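> next comes the sequence, and after it the predicted model I'd like to discuss.
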Amino acid sequence: QSFYIGRTNDGWLVASEAYGMAARARSSYPVAVHRQGGVSVVLRDTDPADAIPVARYLDNGEPVELAEEKIEIFSRDIFRGEYAHYIEKEIHEAPDSVRNTLHGKYIKKNGEVEFLPEGFGRGPALVERFRDTTRPIRRIICVGQGTAAVAAMAVARLLRRTLADTGMSIESYTGS
């Protein structure tokens, strides 16, 4: 997933979804460059109103053109149901979202939860990769933005406890 940069009359917006900018910007620049270690973008409040964000590859500093995309939705069009604000709707839907995410990925046995390897990612292939001693995994990085950053911290903490005896480096970062 990308970050999106949007230009407003008085500065810049950065969001994980272009829809998050719909009330303040009519276009965005997706920062979805996954080559050469990713990119960085420097935004300044002194940038002119017609400025186009310039991304640079992290490994060599070469510029990367970001393509402008029109935002085709307005904030009034985003379904909020009975809630006054979209974030309020997301908070109330969180338990169902967790339930749906985990559906079919675990079973309960003897009062405990057992996660099924085929329930996540590439399933057995992912489990096999963790067991491969010829190419040991030495580092896991958990990244998130906003509430996903909180989840990334929790996952990293859980992994550090679970894999404490492996010598594996487990880190969490905010994706900003």
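Done, it's in. Residues are numbered from 1 along each chain as shown.

> tell me the first helix or strand C-terminal of the lowest-mean-pLDDT helix or strand in the chain.
Taking mean pLDDT, DSSP states H and E as the measure, helix 124-131 is the helix or strand of the chain with the lowest mean score, a mean of 72. Next along the chain after helix 124-131, taking DSSP states H and E as the criterion, comes strand 139-144.

> do you know how far the residue located most distally from the centre of the chain is from L102?
Ranked by distance from the centre of the chain (C-alpha atoms, centre = their mean), the top residue is N110, with 34.8 Å. According to C-beta to C-beta, to the nearest Å, N110 stands 19 Å off from L102. In short, each C-beta sits where N, CA and C put it, glycine included.

> how near is the residue most central in space within the chain to S172?
With the centre of the chain defined as its mean C-alpha position, the nearest residue by C-alpha atoms, centre = their mean is G144, 4.6 Å away. G144 sits 8 Å away from S172 when distances are taken as C-beta to C-beta.

> please report phi then psi for A156.
Backbone torsions for A156, taken as degrees, to the nearest 10, come to phi -60, psi -40.

> contacting residues around it?
140, 142, 170-172 (C-beta atoms under 8 Å, 6 or more residues apart in numbering).

> and if you look at E88?
Contact partners of E88, counting by C-beta under 8 Å, 6+ apart, are R80.

> and S172, what does it touch?
Residues in contact with S172 (C-beta under 8 Å, 6+ apart) are 141-144, 149, 152-153, 155-157.

> out of those residues, the closest to G38 would be?
For G38, the closest of the contacts of S172 turns out to be V143, at 10.8 Å, with distances computed as C-beta to C-beta.

> what's across from the closest one in the sheet?
The residues paired with V143 through beta bridges, assigned by DSSP bridges, are Y173.
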